[in-house]
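**Student:** Sequence and predicted model, in that order:
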Amino acid sequence: MASKRSKYFNDSEENSKIRTTRKRYSNSQDENSKFVKEYHKRANSGESAICTDESSSKCDNSRNNLIGMNNISSMNRVKDAFYDIPCIELAKRLLGKVLVRIDDDGTVLKGKIVETESYLGGDDKASFSYNGKMTPRNKPMFMKPGTTFIYITYGMYHCFNISCQGDGAAVLLRALEPIEGIERITQNRLEFGKNKKTPSIPKKKPDMKVFQLCNGPGKLCVGFNIDRTLNEKDLGSWDRMWIEYLNDGDHSDVKDDLIVISKRIGIDSVGEPWSRSPLRFYLYDCPSVSKRDKLKEEIVKQNLLNNTN
């Protein structure tokens, strides 16, 4: 009887420890959420985003570094009107802008957008919304411009799109050039697909170059930890992911003569003319694009040479 009573108290103590741990975790999560909201409140009101009250537990250096407050500028974030333009125009305007993602633990990830594709809806046979068809899967393509549309392809990879002006129109982000949080992006890429329940023989880490981390739609989603839980989010107001300008105070767009225009990737099955329509756009002379069109690049090169003469 004594042994049973002892076991009961031991179990109760263990359960108490579990409850305490869960409470601490919950409080930590709430604190992080409050801290992010406080940052946006400060930035939007024109105050410094960096907390200077050393007596406040919210303002210690480690958390400022974790959230990356010193590197975020809400004033640099694009507005709702930025997305409310025709699909091809948005695909071009996104080039050179920066995708910002606040990971689950507050780590800031940033990447310059270097490649996009337009999916026009309507008559575009390569679009999920071809002929105006709306389904639960493609509903974000018909939502407010600037809404995230994330779907799974090949059963395991995600693709990240942004809705724009026009029913069923959206822009696919095909490639990024990582510029912040590179260590975390690399970690996400290396750990993707690992079965943590089944131990395996450790393998040598591949020599992954920075330009290879996000040079494809599936790769950028893995690197930036983007999945279906981020679907149907408003990039104009959401505090975990948005688009911003590359340089503070510089809201200019990439010049047309620096943009390579080519056919979209992986849609040959839809047939012509849509399989060959020039609806892919990428930055000239950028190593981070998913696939180069050397013939189109030569045209851009010659035009640049002619303009300098």
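**Tutor:** Yes, it's here.
**Student:** From E183, how far out is D293?
**Tutor:** Using Cβ to Cβ, to the nearest Å, D293 is found at 32 Å from E183. For every residue, glycine as well, the C-beta is placed using N, CA and C.
**Student:** Could you check which of these two has the larger neighbour count?
**Tutor:** Taking other Cβ atoms under 10 Å, D293 and E183 do not tie; D293 has more neighbours (18 against 10).
**Student:** Am I right that the more buried one is in contact with V260?
**Tutor:** Yes - at 6.3 Å, D293 counts as touching V260 under the criterion of Cβ atoms under 8 Å.
**Student:** any low-confidence regions in the stretch 1-150 of the chain?
**Tutor:** The model of the stretch 1-150 of the chain has pLDDT under 70 over residues 1-74.
**Student:** mind running it again at 50?
**Tutor:** Filtered on pLDDT under 50, the stretch 1-150 of the chain yields the residue ranges 1-12, 14-37, 39-73.
**Student:** Show me where it has its strands.
**Tutor:** Applying DSSP state E, counting those that start in this stretch to the stretch 1-150 of the chain gives strands spanning 98-102, 108-119, 148-153.
**Student:** Let me have the ones you listed in TSV, adding mean neighbour count as columns.
**Tutor:** Below are the strands of the stretch 1-150 of the chain laid out as TSV (neighbours: other Cβ atoms under 10 Å):
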stretch	mean neighbour count
strand 98-102	23
strand 108-119	25
strand 148-153	18
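**Student:** Can I get these in JSON lines including distance to T135?
**Tutor:** As requested, the strands of the stretch 1-150 of the chain are exported to JSON lines (distance: least, Cβ to Cβ, whole Å):
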{"stretch": "strand 98-102", "distance to T135": "26"}
{"stretch": "strand 108-119", "distance to T135": "15"}
{"stretch": "strand 148-153", "distance to T135": "11"}
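**Student:** Which one of those strands lies nearest to G168?
**Tutor:** Smallest distance to G168 across these (Cβ to Cβ): 8.2 Å, for strand 108-119.
**Student:** so the closest one versus strand 148-153, what angle?
**Tutor:** Relative orientation of strand 108-119 versus strand 148-153 (axes from the mean of the first three to the mean of the last three Cα atoms, to 10 degrees): 80 degrees.
**Student:** which neighbours does strand 108-119 have in its sheet, and in what orientation?
**Tutor:** Strand 108-119 has its sheet partners listed here by DSSP bridges as strand 98-102 (antiparallel), strand 170-180 (antiparallel), strand 280-283 (antiparallel).
**Student:** chain center to it, what's the gap?
**Tutor:** Remark: strand 108-119 is offset 7 Å from the chain centroid, using Cα atoms, centre = their mean, to the nearest Å.
**Student:** Same question for stretch 280-290.
**Tutor:** Its chain's C-alpha centre and that of stretch 280-290 lie 17 Å apart, by Cα atoms, centre = their mean.
**Student:** Just the endpoints, please. Distance across that stretch?
**Tutor:** Start-to-end span of stretch 280-290 (Cα to Cα, to the nearest Å) is 11 Å.
**Student:** Let me see the mean pLDDT of that stretch.
**Tutor:** Averaged across stretch 280-290, the pLDDT comes to 97.
**Student:** what comes into contact with it?
**Tutor:** Residues from elsewhere that reach stretch 280-290 (Cβ atoms under 8 Å, 6 or more residues apart in numbering): 91-92, 95-96, 114-118, 174-177, 211, 214-217, 254, 258-265, 297, 300-301, 304.
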